[in-house]
Every structure is written in C-alpha cells, then in structure tokens.
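>>> The following comprises the amino acid sequence and a computationally predicted model.
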Amino acid sequence: MNRSIDIFDTTLRDGTQGEKVAFSAEDKLRIARQLDAFGINYIEGGWPGSNPRDMEFFELAADASFEHARIVAFGSTCRAGASPEEDRNLRLLVEAGTSVVCIFGKSWLLHVEKALQITAGQNLEIIRDSVGFLKQHGKEVIYDAEHFFDGYKSDPEYALSTLKAAEEAGADTVVLCDTNGGTLPHEISEIVAEVHKRVDIPVGIHAHNDCELGVANAMAAVRSGCTHVQGTVNGYGERCGNTNLCSLIPNLQLKQDYECIPDEKLEELTALSRFVSELANLNPDIRQPYVGRSAFAHKGGIHVSAVMKNEDTYEHVPPSRVGNSRRVLVSDLSGRSNISYKAEQLGIKLDKYGDNVSEIVQKLKELENKGYQFEAAEASFELLVKRMTGVWEEFFKLEGFRIIVEKNVSGSSRTEATLRIKVNDQAEHCAAEGNGPVHALDKALRKALHKFYPEISNMHLNDYKVRVLNEKDGTGADVRVLIDSAEHGKSWGTVGVSHNIIDASWQALTDSFGYYLAQKQKSIQQKEVI
Ligand SMILES: CC(=O)SCCNC(=O)CCNC(=O)[C@H](O)C(C)(C)COP(=O)(O)OP(=O)(O)OC[C@H]1O[C@@H](n2cnc3c(N)ncnc32)[C@H](O)[C@@H]1OP(=O)(O)O
Ligand SMILES: CC(=O)C(=O)O
C-alpha cells in the first residue's frame, strides 16, 4: 500500500477566502518559503485572474527558488461559448509561469444549470477544453471537482462523468471537493471508494469544515485511497475553513504511518502555525490541537500528578514531536503536583508531601476563591511561592500613597498621585500626574524607583484588564486587575484583587515591578558566575 501522501497547501488561496485573512504578495512569498522548508509538496499561491496582488505573487515566486515544493496557480474552467484560447482566466493561468495549475469545474447539475446557466453537455465540454488547453501548454493539471459529493449524491453518473472528462483530457490528478462542507465521514469513504473503481489517475480530497469534519473527512478519504490532500495551515479558509493541515499531517504521520512531510520536519509544525497566524495578524487559537498553547497544558491536579510519573498518562503524543511543549497551570483545580512542578521550574526544590506545598495549595485555593486568577498571572504565582517559602526579598516597601482626581465645571480633569516608599531604609517621596489614577500611580512609582533601579525604564505595561467579580454589588463590587507587562518581547502577567480598583491595580503593578527586578537581578548574578 502506498503510504506517501501529496500535501497540497492552499493557505495562500482558499486560506485567504477566510474572513479577516489577507496577505500581501511579500507575506505570501515568506509563507511559501516556510511551507517549502517544511516539506510541503504543492503550494497554491492564488488566482492570477483575480487581482493584481496574486499576479505580483506569481512574479515574485518566478524569481524565487523552492527546494521541495511546486508553486500552483489556481483558476476555473473557461466560460462556455468561447474557446479556451480566448479565455482571459486560462491565459493568465498559463502566463503565471508555474509548472502546475489547478482549475475547478462543476460536478453538480444544480450549479451547472443555476450558477453557470449552461447545459450538462456544455459543462463537460468546458472541462475537457480547459484541461486539454492547459496540458497543451505543458502544465501538470490538478482538476478540483467542485461540489463533487453533493453532485454525486444528486446524480452519481453525471458527477463521475465530469471526472472522466478531466481524466480523458489529460488531468494528472482529480480532487474531490466537499465545497459546502456538509458531507459526513462515512459518506466520504463510500463515495471515494466508488470513484476509485472508475478513475485511473490519482485522486485527492479538498474538504471544508462546516460540520467541523474537515480533518475527519480528509482522513476518511485517505483511508479510502486518496493520495493527495488539500488543506491550509491553521484551517483558515472560506466560511468555517478548510482541512487543518496542522492536525491532519500529525494525525496521518504519527498515528497511521503515512508520510506527508520528512519526519524530522514535524518538529517545526508549531512554529509554522504561529508564523502563519502572525502574518495573518490573527491571534493563535490556544486550543488548537497539536500546536495550540493549551494543546499540552495540564490543569487538573490528577492529570499533573500522573503526567509527572509518566507523560503518556495524559498526552496522546510527546509535545516535542510537533515542536510544542508541556505546560502546567496553577488554579483552584491544582494539587500538590502542580505546585511542586511549578516550584521546581522556578528553581525552588520542594518536597511534594511537605508542609510548604500543602500550605501553598491551600493559599492558592483561598486566593482563587476570592477572585485571583493565577493561570494568566504566572509572575504573581512565582512571587506567592517565593514569599511563602521565605526566599523573597521585597525591592521596596510602601509607606503610603494618595491620589487626587479633580474634575471642574468645564469637563476637564486632572489626576495626581503622591507616593512614599522605602528602598533599603532610604525614604523616597514622589508625585506624578497621569491620564487617570492608575497611570499617575504607575508614573509616581517609576519616578521613586528610578534612582535605585534605573532599568525599570526598559519595561512597560502591555495590557491592563479589569473584571468585576460580583456584578450584583454594582460599583461596590470586588474587581480583579490583570496586568501584562513586557520588556523586549518578553512578557509576564500579574494579578490583584480588591473591592477598590486602585488597590487591586497597586497589587498587580507592584508584583510586576518586583518580578521584573528579580529577573534582572538573577541575570546579573548568572553573568557574574559565568
Ligand atoms: C469553490 C471555490 O472556492 S472557487 C474559488 C472562489 N474564489 C473566488 O471567487 C476568489 C476570486 N474571485 C474573483 O476575483 C472574482 O470572482 C473573479 C475575477 C474570478 C470573477 O469575477 P467576475 O467576472 O466579476 O464574476 P463574479 O465574481 O461576479 O461571478 C463569478 C463568475 O464566474 C462564473 N463561474 C463560476 N464557476 C465557474 C467555472 N467553474 N467555470 C467557469 N465560470 C465559472 C460564474 O458563473 C460567474 O459568471 P457570471 O457573472 O457570468 O454569471
Ligand atoms: C475548489 C474549492 O476551493 C472548493 O471546491 O471548495
């Protein structure tokens, strides 16, 4: 049995038909290079007859060299009633200069009659003419049978005759498309098996995810003999997206022994997924299988305890196989295992069954019950552990602060914070104005600390989130403040909870400064040792 699968990536074409996904021609080239390096066989770059950006991509791609992948230009069959030579779309496909082209044509009489408004015979003619024309120009032709499964269910003989028309005209591969994404895996298996009885060239699958079955359907098709699979990185694509290659490739390669890409390349999967979401300017989906940040994140104490004894207990594959990593989360669902694992990562060796760990677990649960959330505030968790194990020294001590907010009849407002802290017994008294109370407090604290720790001017706040915890108490409710801080692309989260928003912000703010200063101190000490 042939276990080698041709992966056809359509991130740059069908992927960009997804809402909010757009790439410039240069972005497309960067992605194509990454896909090539990853070991993808075919990269569909776009539709040259559609827009100048796609044409520009093919110009750029013509000057680039690809080690592994073949770049594919996409388009449709020609219009009925005109010869292929006169068809602008086909002409631009030839001019795109790729050795491979992919064209789609109709398999479903509903589309032939209602969308194209031509006869069943004319449709077979444009398929034959278009494929034949591209073959005359020396192209490898991949024929996408649009709506194949819906067409087959409505009229199997006609749907099969469209494939035969493409095959007889010289198509190298026919691809069965579940364009509306409504077909179920058992139907895919049955229909693909029937197609194999009638078609002698390689058969592929192009599935959409409207029933969340894009990956399952592609896998069913492969089991029934398809050797070519189309899909996109992160599953981007029209409506609910396409077969997600970030799931499909490891499913086939790690679990069924198919070869889609060189085996060692699989470790680059997570990086590829994040690179593409970065260029698409979309947040990576943390819950994405294999490559998401949470794909191997263990939260429940029972899970962490078992994983620490043997990873296979709660991991279906080793995260490193796909370039991802294991994470342990802390929350009120934690047990001793979560705490001892996290403490060890922080360089603190704790006896899992000792008093320290039990006290930290208890404190964590109490604080989470009050509204703290340490999952998104790992820096505050680190400080909590260090404070409770006596290995933390505060960088400064608060003596007091006062904030004045003035608003006058003209509507303008002014906010000022005054602050007293002590650093190594030296008192510092500072005032600062800000856009609002937290801003003023942040500025006053920076001013006061700068003399002792000038490095704090390198860190900044990335994000500041406030969440009301018990809405029914209205403006008197407790609030949780989560602050995300950063320095040169490295970020950390801290948390504070109080019925007073300024106090909650102060807790999160001071944890953030303290954490940062401790990190700086640690890196200086490490350099001194070296
Ligand atoms: C299943 C898929 O995902 S196929 C890919 C879909 N992707 C896209 O549509 C993105 C790129 N598309 C475009 O830029 C434009 O739609 C273009 C340039 C292709 C066509 O633009 P226009 O000529 O303005 O036509 P418009 O978009 O309004 O309609 C599509 C036309 O293609 C025709 N058409 C659709 N499928 C086919 C086909 N397989 N063969 C020939 N013609 C087709 C339609 O009948 C319609 O023609 P009509 O207006 O004469 O009825
Ligand atoms: C060709 C294609 O993108 C589809 O049928 O979904």
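Okay, I see it. Ligands and ions are numbered 1, 2, ... in the order given.
>>> wait, isn't Gly434 in contact with Asp442?
Yes - the criterion here is C-beta atoms under 8 Å, and Gly434 meets it with Asp442 at 7.0 Å. C-betas here are computed from N, CA, C, even on glycine.
>>> And the helices in the stretch 401-530 of the chain?
All helices of the stretch 401-530 of the chain, identified by DSSP state H, counting those that start in this stretch, fall at 437-450, 501-529.
>>> who has more neighbours, Gly434 and Asp442?
Using other C-beta atoms under 10 Å, the more surrounded residue of Gly434 and Asp442 is Asp442, with 23 against 17.
>>> how about that one, what does it touch?
If a contact means C-beta atoms under 8 Å, 6 or more residues apart in numbering, then Asp442 has Gly434, Leu461, Leu509 as its contacts.
>>> What is the nearest of these to ligand 2?
For those, the residue nearest ligand 2 by C-beta to the nearest ligand atom is Leu461; the value is 43.7 Å.
>>> need the contact list for the closest one.
Going by C-beta under 8 Å, 6+ apart, Leu461 touches Asp442, Ile483, Asp484, Ser485, Ala486, Ser512.
>>> mind running it again at 7 Å?
Leu461 sits next to Ile483, Ser485 when contact means C-beta atoms under 7 Å, 6 or more residues apart in numbering.
>>> So for it, what's the pLDDT?
pLDDT, Leu461: 91.
>>> Distance of Asn209 relative to ligand 2?
Remark: distance between Asn209 and ligand 2 (C-beta to the nearest ligand atom, to the nearest Å) = 11 Å.
>>> Counting neighbours, what do you get for that residue?
Look at Asn209: counted by other C-beta under 10 Å, it has 23 neighbours.
>>> got the phi/psi numbers for it?
With angles defined as degrees, to the nearest 10, Asn209 sits at phi -110, psi 20.
>>> Correct me if wrong: it contacts Asn242.
Yes - using C-beta atoms under 7 Å, Asn209 makes contact with Asn242 at a distance of 6.4 Å.
>>> Quickly list what's touching both of the two.
Applying C-beta under 7 Å, 6+ apart, one finds that Asn209 and Asn242 are jointly contacted by Gly235.
>>> how about the most far-flung residue of the chain relative to its centre, what does it touch?
Most distant from the centre of the chain: Val409, at 49.3 Å, with distances by C-alpha atoms, centre = their mean. Neighbour list for Val409: empty [criterion: C-beta under 7 Å, 6+ apart].
>>> So it versus ligand 1, what's the distance?
Separation of Val409 from ligand 1 (C-beta to the nearest ligand atom) stands at 57 Å.
>>> what does Pro84 give?
On the measure of C-beta to the nearest ligand atom, Pro84 and ligand 1 end up 11 Å apart.
>>> Could you count how many residues lie near the closest residue to ligand 2 within the stretch 401-530 of the chain?
Relative to ligand 2, the nearest point of the stretch 401-530 of the chain is Gly489 (36.8 Å; C-beta to the nearest ligand atom). Gly489 has 5 neighbours, counted by other C-beta under 10 Å.
>>> Which per-residue confidence value corresponds to the closest residue to ligand 1 within the chain?
Of all residues in the chain, Ser50 sits closest to ligand 1, at 3.3 Å by C-beta to the nearest ligand atom. With respect to pLDDT, Ser50 scores 94.
>>> count of neighbours near it?
Around Ser50 sit 15 other residues, with neighbours defined as other C-beta under 10 Å.
>>> for Glu86, same thing?
Neighbour count of Glu86, defined by other C-beta under 10 Å: 11.
>>> returning to what we had before: need the helices of the stretch 401-530 of the chain in CSV with distance to ligand 1 and mean pLDDT, can you?
Listed next are the helices of the stretch 401-530 of the chain as CSV, based on distance: least, C-beta to the nearest ligand atom, whole Å; pLDDT from 0 to 100:
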stretch, distance to ligand 1, mean pLDDT
helix 437-450, 46, 96
helix 501-529, 46, 89
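>>> Next, format those as TSV and append distance to Asn251.
Shown next, in TSV, are the helices of the stretch 401-530 of the chain (distance: least, C-beta to C-beta, whole Å):
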stretch	distance to Asn251
helix 437-450	47
helix 501-529	39
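>>> looking at those, which is buried most?
Of all the helices of the stretch 401-530 of the chain, helix 437-450 has the most neighbours on average by mean count of other C-beta atoms under 10 Å, namely a mean of 21.
>>> what sits opposite Arg467 in the beta ladder?
Arg467 has these beta-bridge partners by DSSP bridges: Arg480.
>>> gap between it and Val481?
8 Å (C-beta to C-beta, to the nearest Å).
>>> Correct me if wrong: Asn251 contacts Ala216.
No - shown here, Asn251 and Ala216 do not form a contact pair, counting by C-beta under 7 Å, at 9.3 Å.
>>> that older thread, the residue farthest from the centre of the chain and Asn356: what is the separation?
Taking C-beta to C-beta, one finds Val409 at 57 Å from Asn356.
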